[in-house]
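1. all I have is the shape, not the residue letters:
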């Protein structure tokens with residue numbers, strides 16, 4: 001089977017796994033909504049879970065996607081082998097594994113020590129009991145940083161040799177474990193939040209452990225080495241050199257999230273947790289499509305950039321961007337109109353009150369308008385990383401960070417969660433614009449056509465979405481009225497499905513009429529697959 005077909009198959013498999021993972025992630029959030037709602041305890045858990053996750057993105061996702069995978073991939077290309085059995089490759093893997101583990105362990109220890117002094121900056125409450133619970137939950141979950149960083153390292157190895165499914169399956173296990181722990185131990189711990197916290201740590205352990213056999217199967221053996229040897233390994237130093245410029249960008253992102261958390265905590269009770277519920281709905285879409293596409297195309301973009309084959313580079317990137325626009329722009333319009341109903345369907349329960357619905361919808365309306373830009377950023381960034389260009393995304397990230405913080409601080413006192421959500425969406429748009437500007441200055445001289453295609457195709461999707469959403473607006477009240485006075489699955493779920501079908505049929509009809517190239521390619525692919533079967 002050709003490399004291209006293997007990549008497509010990997011992408012399809014990863015999409016299915018990521019879809020399952022995000023659905024379970026949403027169920028995990030509904031579990032939290034059921035037990036905690038948008039209470040102070042929900043805010044405490046949200047903060048405690050987010051803090052180690054911020055460092056995870058800094059140490060794990062940043063190091064692996066930006067620096068490790070391109071370096072590892074280039075190393076394998078040089079050796080003309082993907083077995084990883086050479087002494088130099090083993091030393092590289094051992095050194096990188098040691099560095100990642102050492103740094104995350106240090107951060108974990110410091111975090112657990114200093115959390116009582118940090119927590120008061122992220123809440124309006126001065127209640128010592130509440131602050132103590134925030135600290136306890138954070139201390140329980142901080143070791144998750146170590147386990148998930150090891151899991152990300154294993155994922156980097158597997159992705160470097162175009163193996164995606166094991167890493168795509170681990171979040172499914174994680175979500176299942178957290179959900180199970182919550183229901184089993186909610187009544188056996190001090191509160192349900194602690195049951196979820198223990199599930200998070202155990203889930204992180206499983207994410208790392210599950211991938212190890214697949215790493216070993218590829219012939220890679222990983223073990224600890226001395227710290228001096230680890231930090232002086234030539235290939236690991238290359239990884240660190242690539243990471244250093246991005247640390248400013250990633251630190252900006254993390255500081256961005258930290259300040260947003262602090263602003264949300266000071267804005268009032270329930271704001272932190274409502275923002276998290278809203279983001280979970282958004283991430284269901286982002287995780288399935290944007291992250292999947294970004295993960296799958298990075299190794300191929302790296303190969304095309306290394307070979308200076310920018311025609312294939314641009315073609316791959318252009319198709320990825322079109323797919324993002326094709327999916328996220330229509331979903332944005334539909335979700336904006338039916339957002340409150342989606343929130344009621346997914347989250348509303350005994351501890352998730354009308355006030356909770358209002359808080360989450362207030363954030364969701366502003367989060368969803370930034371969906372396209374956030375998704376696009378996750379496609380454009382790998383295009384820079386593939387060329388070992390970490391400086392441009394760094395500068396774009398810092399500019400976006402500044403815009404986000406400034407707007408959040410200004411808008412939060414007036415618009416609460418909605419103001420913070422809008423600040424994120426607006427700054428994501430600025431980040432996208434800056435990435436395109438920097439891309440035009442790269443050695444890829446044919447980028448102008450890519451920018452033009454992106455703008456024109458996105459505008460086309462906006463026009464189609466506006467036309468398709470008008471009947472949804474006109475029919476919404478009547479259709480929901482037909483199913484009123486039933487349980488929320490029927491009263492909210494069935495009308496949403498009916499409206500989504502109406503919206504989808506109109507949108508697809510418009511694409512067929514205009515002979516959309518992306519739709520034509522999809523139909524041809526399905527026909528060819530059908531003939532082979």
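-> Cool, got the structure. Note that the coordinates shown come from a computational prediction; the quantities given were computed from them, not determined experimentally.
2. distance check, residue 77 against residue 64.
-> With the distance defined as Cβ to Cβ, to the nearest Å, residue 77 ends up 18 Å from residue 64. For every residue, glycine as well, the C-beta is placed using N, CA and C.
3. more neighbours: which of those two?
-> Each of residue 77 and residue 64 has its neighbours counted (other Cβ atoms under 10 Å); residue 64 has more, 25 against 14.
4. from what I see, the more buried one and residue 154 are in contact.
-> No - between residue 64 and residue 154 there is no contact under Cβ atoms under 8 Å: 9.5 Å.
5. in this structure, where's the longest helix?
-> Counting by DSSP state H, the longest helix found in the chain is helix 310-347.
6. pLDDT of stretch 198-213, averaged?
-> Taken as a whole, stretch 198-213 has an average pLDDT of 96.
7. off-centre distance for that stretch?
-> Remark: stretch 198-213 is offset 19 Å from the chain centroid, using Cα atoms, centre = their mean, to the nearest Å.
8. before we move on, what about stretch 452-472?
-> Worked out by Cα atoms, centre = their mean, stretch 452-472 lies 24 Å from the chain centre.
9. quick one: buried residues of that stretch?
-> Buried positions in stretch 452-472, judged by neighbour count with 16 or more other Cβ atoms under 10 Å: 454, 457-458, 460-462, 464-465, 468-469, 472.
10. roughly how far apart are residue 406 and residue 416?
-> Counting by Cβ to Cβ - residue 406 and residue 416 are separated by 17 Å.
11. more crowded one of these two?
-> In terms of neighbours (other Cβ under 10 Å), residue 416 is the more surrounded of residue 406 and residue 416; the figures are 21 against 12.
12. what count of nearby residues applies to residue 494?
-> For residue 494, the neighbour count with other Cβ under 10 Å is 16.
13. shouldn't it be within a helix?
-> Yes - counting by DSSP: H, G, I helix; E, B strand; the rest coil, one finds residue 494 located in a helix.
14. so who does it touch?
-> Counting by Cβ atoms under 8 Å, 6 or more residues apart in numbering, residue 494 touches residue 483.
15. tell me the spacing between it and residue 174.
-> Separation of residue 494 from residue 174 (Cβ to Cβ) stands at 31 Å.
16. one more: residue 509?
-> Counting by Cβ to Cβ, the gap from residue 509 to residue 174 is 40 Å.
17. who's more crowded, these two?
-> Ranked by neighbour count (other Cβ under 10 Å), residue 509 and residue 174 place residue 174 first, with 26 against 13.
18. ok, for that one, nearest residue in space, not its chain neighbours?
-> Setting aside the residues directly before and after it, residue 174 is nearest to residue 203 in space (Cβ to Cβ, 6 or more residues apart in numbering), at 3.8 Å.
19. how close does residue 515 sit to residue 505?
-> Residue 515 is 17 Å from residue 505, by Cβ to Cβ.
20. typed the wrong thing, it's residue 371
-> From residue 371 across to residue 505, the span is 22 Å (Cβ to Cβ).
21. in terms of neighbours, single out the busier of the two.
-> Taking neighbours as other Cβ under 10 Å, residue 371 and residue 505 compare with residue 371 leading, 25 against 12.
22. let's see the pLDDT reported for that one.
-> At residue 371, the model reports a pLDDT of 91.
23. and the host helix or strand of it, what does it pack onto?
-> In the assignment (DSSP states H and E), residue 371 maps to helix 371-385. Using 3 or more Cβ pairs under 8 Å, 6 or more residues apart in numbering; DSSP states H and E, the elements in contact with helix 371-385 are helix 271-285, helix 292-306, helix 310-347, helix 391-415, helix 417-440.
24. in this protein, which spans are strands?
-> In the chain, no segments count as strands under DSSP state E.
25. residue 475 versus the closest residue in space to residue 473 that isn't next to it in sequence, what's the distance?
-> Among residues not flanking residue 473 along the chain, residue 337 sits closest, at 5.9 Å (Cβ to Cβ, 6+ apart). According to Cβ to Cβ, residue 337 stands 11 Å off from residue 475.
26. may I see the buried residues of stretch 505-513?
-> In terms of neighbour count (16+ other Cβ under 10 Å), stretch 505-513 has its buried residues at 506-507, 510-511.
27. number of nearby residues for residue 180?
-> Other residues close to residue 180 by other Cβ under 10 Å number 15.
28. for residue 312, same thing?
-> By the other Cβ under 10 Å criterion, the neighbourhood of residue 312 contains 14 residues.
29. wait, it sits on residue 304?
-> Yes - between residue 312 and residue 304 there is a contact under Cβ under 8 Å: 4.8 Å.
30. wait, doesn't residue 137 sit right on residue 198?
-> No - look at residue 137 against residue 198 with Cβ under 8 Å: they stay out of range, at 10.2 Å.
31. quick one, which of these two is more surrounded?
-> Using other Cβ under 10 Å, the more surrounded residue of residue 137 and residue 198 is residue 137, with 26 against 17.
32. can you give me every residue that contacts that one?
-> By Cβ under 8 Å, 6+ apart, residue 137 lies in contact with 44-45, 47-49, 193-194, 197.
33. in helices only, show me these.
-> Cross-referencing those against helices under DSSP H gives 44-45, 47-49, 193-194, 197.
34. determine which two of these are furthest apart.
-> Using Cβ to Cβ, the two most remote members of these are 47 and 194, lying 14.2 Å apart.
35. nearest residue to residue 466 in space, please, no chain neighbours.
-> Spatial nearest neighbour of residue 466, excluding adjacent residues (Cβ to Cβ, 6+ apart): residue 333 at 6.9 Å.
36. from residue 507, how far out is the one you found?
-> Between residue 333 and residue 507 the distance is 9 Å, computed by Cβ to Cβ.
37. anything in contact with each of those two?
-> Counting by Cβ under 8 Å, 6+ apart, the contacts common to residue 333 and residue 507 are 465, 468.
38. and the contacts of residue 137 as CSV, adding neighbour count?
-> Shown next, in CSV, are the contacts of residue 137 (neighbours: other Cβ atoms under 10 Å):
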residue, neighbour count
44, 29
45, 29
47, 24
48, 28
49, 21
193, 26
194, 23
197, 26
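39. which of these lies closest to residue 362?
-> With Cβ to Cβ as the yardstick, the closest approach to residue 362 among the contacts of residue 137 comes from residue 47, at 19.5 Å.
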